[in-house]
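>>> pasting the sequence and the predicted model now:
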Amino acid sequence: MCMAIPSRVIALHGESATVECFGVQRTVNTMLMSEPVCLGDYLAVMAGAYAIEKVAPEVAAESLAFLEDVLREPADREPR
Amino acid sequence: MSGGFTAEGGIEITVTAESSRIVDVAIANYRPLGMTSRLAGFTPESAVARIVSLFSVCRIAQGLAGSMAVEQALGIDPGPSQQAARSLLLRGETALDHATSALLVWPTLVGKRPMAFHALKALRTSLAGLCDCLYPDGDWMRPGGGRLAPDQTALTARLDVAEAAIEEARLTLPLDIMRWRDWVRGATGPAAGLFRMLEQNKWEGYGATNVKVLGGFDHMALESRLAADGDGSFVAQPEWEGEPRETGPLARRINAPLVCAVVADHGRGLTARFLAQCVETTHCLAEMRDLAEKIRGERSLPVPEADGVGLGLVEAARGWLAHHVEIVDGHIRRHQILAPTEWNFHPKGTLARGLIESGPQQSPDRLARLLVTALDPCVPYRIEMR
């Protein structure tokens, strides 16, 4: 099931944005957002392609710290 | 990142074809399934709150399954209005999830671009806001139930908007087989377009299998399996009574008359799978109105400091979702999640058997993508054809 990795907006392009998370950049569609998107916002991204909501910076920081710890575990990088 | 996926992981499906016949399917799961082991040491409430912050599409299901596991472990029994409110929220999430797939992904399966952003945005705003109409303090996921104070007027207004958005997106379909066939041939919109394409290519039954559906669980047996799953092999590749199983909208709506009629004609293939999602969306909206009438104000129950083991089981959009917790000295000692993706994308499960058992086809790569989409792993995936 789909995890909501908060991704930080680093560029805006009309109805899309470039976001960054753990060093990986991707372009996401922002047409489903119900509020304006600004540089530096953290967004929850659905299916890797659609931004669906903003994530409060403090919540994003906690989630990213938790996930960084998860990703450091070698067992979670191996396929099952 | 693992397997070339981003942090949320993904599913890698390697399909080997010989003379247009798929002869082998290998499925590698790169999802961070051990993630919940990091919840050890959290209080039950903070563990549930962290889970809610980590999931987006299935946030309600994850939060409620976690909360219900804690409640069972600590002997908390929320009242009937809390149960009805939770069922309503789960159905709202399911309807939104199915509609999102239909509007964003299904057009791409017939070579079109997603267009219905206006309807989807309205649907998202109305259904995602249901929590606020029921739990004004935003504590819907709290073990013991949040402070339930329903605003019936706002609830009805949001359900009206959701129903109108489903109608605008042309996802409302006739539930009678004859009228449905006419609708497929003449209607516009992503659902009719997809069903028409499947019919024209005679792909309605593609991917049909006899993998048994997961109707429900013996709770004690499931608890035992999870308790004994020290290496995580059960949550990674679950089987039930020695066999892979299928879970999800088709398994749930297999007895709906329209779905039943299509299964009788074409088996549990592509059309039945996509159709079950449409039928379920319509049913969810009707069921939410019935549930709304049963919800009254209800206070939160206290969370006692006790030890215990509990299982929380909910029907998420993609199928059964289980959380299992062990609580010792007021803190989580172990938290496990068994998700529908792992049932449906088991290496010997519904996807693998559906692809292998369907015989020679002209477009195995396109059909593989269709079947993966119909089963919907909800996470990024990659299909490699060999």
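Everything's here; your move. Numbering: from 1, shown residues only, chains lettered A, B, ... in the order given.

>>> helices along chain A, start to end?
Assigned by DSSP state H, the helices in chain A fall at A:57-72.

>>> CA atoms of the lowest-mean-pLDDT helix or strand in it as PDB?
Every helix and strand in chain A was compared by mean pLDDT, DSSP states H and E; the lowest is helix A:57-72, with a mean of 89. The C-alpha coordinates for helix A:57-72 follow below in PDB (Å, rounded to 0.1, in the frame of the first residue of the first chain):
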ATOM      1  CA  PRO A  57       6.800  21.000   7.800                       C
ATOM      2  CA  GLU A  58       7.100  19.500  11.400                       C
ATOM      3  CA  VAL A  59       5.200  16.400  10.300                       C
ATOM      4  CA  ALA A  60       7.300  16.100   7.200                       C
ATOM      5  CA  ALA A  61      10.500  16.400   9.300                       C
ATOM      6  CA  GLU A  62       9.300  13.600  11.700                       C
ATOM      7  CA  SER A  63       8.200  11.300   8.800                       C
ATOM      8  CA  LEU A  64      11.400  11.800   6.900                       C
ATOM      9  CA  ALA A  65      13.600  11.100  10.000                       C
ATOM     10  CA  PHE A  66      11.600   7.900  10.600                       C
ATOM     11  CA  LEU A  67      11.900   6.800   7.000                       C
ATOM     12  CA  GLU A  68      15.600   7.600   6.800                       C
ATOM     13  CA  ASP A  69      16.000   5.200   9.700                       C
ATOM     14  CA  VAL A  70      13.900   2.600   7.800                       C
ATOM     15  CA  LEU A  71      15.900   3.000   4.600                       C
ATOM     16  CA  ARG A  72      19.200   2.600   6.500                       C
END
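
>>> buried sites along that helix?
Of the residues in helix A:57-72, A:V59, A:A60, A:E62, A:S63, A:L64, A:F66, A:L67, A:V70, A:L71 count as buried by neighbour count, 16 or more other C-beta atoms under 10 Å in any protein chain shown. Quick note: C-beta positions are derived from backbone N, CA and C, even for glycine.

>>> the stretch 101-250 of chain B against chain A: which residues are in contact?
For the stretch 101-250 of chain B, the residues in contact with chain A (C-beta under 8 Å from any C-beta of the partner chain) are B:L104, B:V105, B:F117, B:L120, B:K121, B:R124, B:T125, B:A128, B:G232, B:S233, B:A236, B:Q237.

>>> quick one: buried ones out of those?
When these are checked for burial by 16+ other C-beta under 10 Å, the buried set is B:L104, B:V105, B:L120, B:K121, B:R124, B:A128, B:A236, B:Q237.

>>> could the buried residues of helix A:57-72 go into TSV alongside distance to chain B?
Converted to TSV, the buried residues of helix A:57-72 look like this (distance: C-beta to the nearest C-beta, whole Å):
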residue	distance to chain B
A:V59	6
A:A60	9
A:E62	7
A:S63	5
A:L64	9
A:F66	6
A:L67	6
A:V70	5
A:L71	6
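
>>> in CSV: those, plus distance to B:A7.
Below are these laid out as CSV (distance: C-beta to C-beta, whole Å):
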residue, distance to B:A7
A:V59, 16
A:A60, 13
A:E62, 15
A:S63, 10
A:L64, 9
A:F66, 11
A:L67, 6
A:V70, 8
A:L71, 6
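
>>> helices or strands next to the least confident helix or strand of chain A in the packing?
Secondary-structure packing of helix A:57-72 (3 or more C-beta pairs under 8 Å, 6 or more residues apart in numbering or on different chains; DSSP states H and E): helix B:44-54.

>>> taking the buried ones among the residues of the stretch 101-250 of chain B next to chain A together, which two end up most distant?
Pairwise distances across those peak at 37.7 Å for B:K121 and B:Q237 (criterion: C-beta to C-beta).

>>> excluding covalently adjacent residues, which one is nearest to the most centrally placed residue in chain B?
The residue lying closest to the centre of chain B (C-alpha atoms, centre = their mean) is B:R318, at 1.9 Å. Counting by C-beta to C-beta, 6 or more residues apart in numbering or on different chains, the nearest residue to B:R318 once its immediate chain neighbours are dropped is B:P340, at 4.1 Å.

>>> try B:K348
Residue nearest to B:K348 in three dimensions, not counting chain neighbours: B:P244, with 5.3 Å by C-beta to C-beta, 6+ apart.

>>> for the chain, which segments are assigned as strands?
Reading this off chain A. Counting by DSSP state E, chain A has strands at residues A:7-13, A:16-21, A:24-29, A:42-46, A:50-55.

>>> my bad, chain B
Taking DSSP E, the strands of chain B run over residues B:11-18, B:21-29, B:308-316, B:319-328, B:331-338, B:381-385.

>>> pull out the buried residues from the last one.
I take that to be strand B:381-385. Using 16+ other C-beta under 10 Å as the test for burial, strand B:381-385 gives B:Y381.

>>> flag the shaky bits of chain B, pLDDT-wise.
Chain B contains residues with pLDDT under 70 at B:1-2.

>>> count of neighbours near residue 80?
Just so you know, I chose chain A. 18 (other C-beta atoms under 10 Å in any protein chain shown).

>>> please go with chain B instead
11.

>>> against B:I254, how distant is it?
B:P80 sits at a distance of 28 Å from B:I254 (criterion: C-beta to C-beta, to the nearest Å).

>>> which other residues reach stretch A:25-35?
Stretch A:25-35 is contacted by residues A:7, A:10, A:13, A:15-19, A:37, A:43, A:45-46, A:48-54, B:6, B:117, B:120-121, B:124-125 when judged by C-beta atoms under 8 Å, 6 or more residues apart in numbering or on different chains.

>>> mind checking the end-to-end distance for it?
End-to-end distance for stretch A:25-35: 22 Å, by C-alpha to C-alpha, to the nearest Å.

>>> that one: which residues count as buried?
By neighbour count on 16+ other C-beta under 10 Å, the buried set for stretch A:25-35 is A:V28, A:N29, A:T30, A:L32, A:M33.

>>> how far away is B:Q336 from A:E73?
Counting by C-beta to C-beta, the gap from B:Q336 to A:E73 is 16 Å.

>>> same drill for those two, tell me which one is more crowded.
Between B:Q336 and A:E73, counted using other C-beta under 10 Å, B:Q336 has the larger neighbour count: 22 against 14.

>>> for the stretch 201-350 of chain B, which residue gets nearest to chain A?
In the stretch 201-350 of chain B, the residue that lies nearest chain A is B:A236 (3.6 Å; C-beta to the nearest C-beta).
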